[in-house]
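K.L.:
Got a predicted structure plus its sequence, pasted below:
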Amino acid sequence: MGRLGSAATMSVATYHNHTSWSDGSVSVAELVERAGRLGVDELGISDHYVLHPSGRTPPWGMPVDRLADYVEDVRTHAGGTSPVVRLGLEVDWFPGQEEAIRDGLDGFPFDFVIGSVHEVDGFRVDASALDWDELRPEERNERFRLYWVKVRAMAESRLFDIVGHADLPKKFGHHPTTDLGAVIDEALDAVGRAGMIVELNTAGWHKPCADGYPALELLRECHRRKIGVTLAADAHDPAHLLRDFPRGIERIRRAGYSRIARFRCREIVYESF
Ligand SMILES: [Zn+2]
Ligand SMILES: [Zn+2]
């Protein structure tokens, strides 16, 4: 069993990772092999699956008509125990696409599905600093507000297990200048009601915001609502599989958690640490 920093009794599981099926740098086979060498006990593969309302698949998403091939590829590598491989997906949330997403995912034996909001009303929140820099403060505030409205709707769809990088719009270092507490509360309440959990996504520490997703205060709000948590680096390269995990565990602890979520067949089990 792999071990992680001071979390002496906790096995190492990481669910949010990308391969060359979407915008990751290596194949499933190579990511599994590297994870084994790093001592990962449970490796989730979660490539991007984007049913964009425009009908166009962005370059960072897998070809949506090849989902069955992706599933087959991941499952081919799921027979070993070092690491155990979990079949996942990172799905973009768009209002109006509920049925298409449900139909698209139907019949596949996912262990977990991450729901992510990367776009609000045609605005890509994580694409470029310039997109944010050009906005007036009130326009930025509106995008932050819309983001949380979308997270709430995503939770209410009951299609997903994990909220991906829960405060992604801060990526380029901008923060709302108005109080969005009420809309964030509504989103987190919906996440809790849906039985979804959040991830502590360490990738944010390597972006201009220099902060993991979500921020400590938000994670405390999740804990207060008894929303579970998992830990991942959103690795697009095997070198990043466990990037900043000790820092992530530290934040999870500070938020009040003493157990972490594990997935199998879309069921959550909790492991104490
Ligand atoms: Zn994402
Ligand atoms: Zn991702």
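P.N.:
Done, it's in. Ligands and ions are numbered 1, 2, ... in the order given.
K.L.:
Now the stretch 151-273 of the chain against ligand 2: closest residue?
P.N.:
At 4.5 Å from ligand 2, Asp234 is the closest residue in the stretch 151-273 of the chain, using Cβ to the ion. Bear in mind the C-beta positions are built from the backbone N, C-alpha and C, glycine included.
K.L.:
Identify the residues contacting that residue.
P.N.:
Going by Cβ atoms under 8 Å, 6 or more residues apart in numbering, Asp234 touches 16-18, 164-165, 201-203, 240.
K.L.:
And those, which is closest to Arg251?
P.N.:
Of all the contacts of Asp234, Arg251 sits closest to Thr202, with 8.9 Å by Cβ to Cβ.
K.L.:
Could I get the contacts of Asp234 in CSV, plus columns for distance to Glu90 and neighbour count?
P.N.:
Shown next, in CSV, are the contacts of Asp234 (distance: Cβ to Cβ, whole Å; neighbours: other Cβ atoms under 10 Å):
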residue, distance to Glu90, neighbour count
His16, 7, 25
Asn17, 9, 27
His18, 8, 23
Gly164, 6, 25
His165, 10, 29
Asn201, 11, 27
Thr202, 15, 27
Ala203, 12, 20
His240, 15, 18
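K.L.:
filter these down to the ones close to ligand 1.
P.N.:
Gly164 (Cβ under 5 Å from the ion).
K.L.:
now, the most widely separated pair of the contacts of Asp234?
P.N.:
Gly164 and His240 (15.8 Å).
K.L.:
by contact count, what packs against the longest helix anywhere in the chain?
P.N.:
The single longest helix within the chain, with elements called by DSSP state H, is helix 137-156. For helix 137-156, the packing partners by 3 or more Cβ pairs under 8 Å, 6 or more residues apart in numbering; DSSP states H and E come out as strand 119-120, strand 162-163, helix 181-193.
K.L.:
Among these, show me which one is buried the most.
P.N.:
Comparing the helices and strands packed on helix 137-156 by mean neighbour count (mean count of other Cβ atoms under 10 Å), strand 162-163 ranks first with a mean of 29.
K.L.:
List the residues that contact the residue nearest to Arg225 when sequence neighbours are not counted.
P.N.:
Spatial nearest neighbour of Arg225, excluding adjacent residues (Cβ to Cβ, 6 or more residues apart in numbering): Gly192 at 4.2 Å. Applying Cβ under 8 Å, 6+ apart to Gly192 gives the contacts 222, 225-227.
K.L.:
And Gly192, how far from Glu186?
P.N.:
11 Å (Cβ to Cβ, to the nearest Å).
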